[in-house]
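Trainee: Let me see the structure of the following:
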Amino acid sequence: MNEPLRVYYDGLCVICRASRSWVERRDRNNLVNFVDFRDIDDADLPTSRELLLSNVVAVSGSLSTGYDAWCNILELLPRWRFVAPLLRLAGLSWVGRMLYRFIAANRFRLGGQCKGRLSKNHQNGKSALGYIRVEKRVSQ
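Mentor: Next comes the predicted model:
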């Protein structure tokens with residue numbers, strides 16, 4: 001069996017944390033594994049910090065970002081996997097990508113920023129504009 005889909009998210013973003021919570025409540029088979037990318041050193045990141053800071057990224061043979069990465073997450077959730085193909089229809093995906101970009105660009109204004117602990121990367125002055133990275137590791 002393949003390892004869970006690895007999702008790198010911003011632990012200081014209220015919207016990102018709420019999204020994580022929403023997925024975890026529906027992920028009965030533990031197919032999605034969330035990691036706060038602010039807690040990982042640059043050398044341990046599966047891609048550049050710049051990519052993590054600007055996109056949701058999914059890796060499962062190919063790379064997908066933002067809205068498309070969320071479609072990949074939905075495919076793994078019981079009762080939600082039927083939604084992903086609908087969201088990929090041309091008209092819906094265009095609107096979805098625009099909406100995703102708007103929310104991502106305004107996430108701290110819309111949802112606020114979590115107070116409390118700051119990760120070592122945030123304390124070192126590394127800020128995040130971006131959102132989540134999703135990586136699926138394929139067993140060999």
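Trainee: my read: R28 touches R79, true?
Mentor: No. When contacts are counted by CB atoms under 8 Å, R28 is not listed as touching R79 (9.5 Å). (Each C-beta comes from the backbone N, C-alpha and C, glycine too.)
Trainee: Count the residues that sit near D10.
Mentor: Applying other CB atoms under 10 Å, we find 28 residues neighbouring D10.
Trainee: same thing with the one 5 residues further on?
Mentor: A count of nearby residues for I15, using other CB under 10 Å, gives 18.
Trainee: what sits against the closest residue to it other than its chain neighbours?
Mentor: Nearest residue to I15, sequence neighbours excluded (CB to CB, 6 or more residues apart in numbering): G111, at 3.8 Å. The contact partners of G111, by CB atoms under 8 Å, 6 or more residues apart in numbering, come to 13-15, 18.
Trainee: Which of those residues are buried, as a PyMOL select command?
Mentor: Selection of buried members from the contacts of G111 for PyMOL, criterion 16 or more other CB atoms under 10 Å:
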select buried, resi 13+14+15
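Trainee: Dump the contacts of G111 to a markdown table, plus distance to G91, secondary structure and pLDDT.
Mentor: Shown next, in a markdown table, are the contacts of G111 (distance: CB to CB, whole Å; DSSP: H, G, I helix; E, B strand; the rest coil; pLDDT from 0 to 100):
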| residue | distance to G91 | secondary structure | pLDDT |
| --- | --- | --- | --- |
| C13 | 28 | strand | 84 |
| V14 | 30 | helix | 87 |
| I15 | 25 | helix | 89 |
| A18 | 27 | helix | 91 |
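Trainee: Export the contacts of G111 to a markdown table and append columns for distance to L86.
Mentor: Below are these laid out as a markdown table (distance: CB to CB, whole Å):
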| residue | distance to L86 |
| --- | --- |
| C13 | 27 |
| V14 | 27 |
| I15 | 23 |
| A18 | 23 |
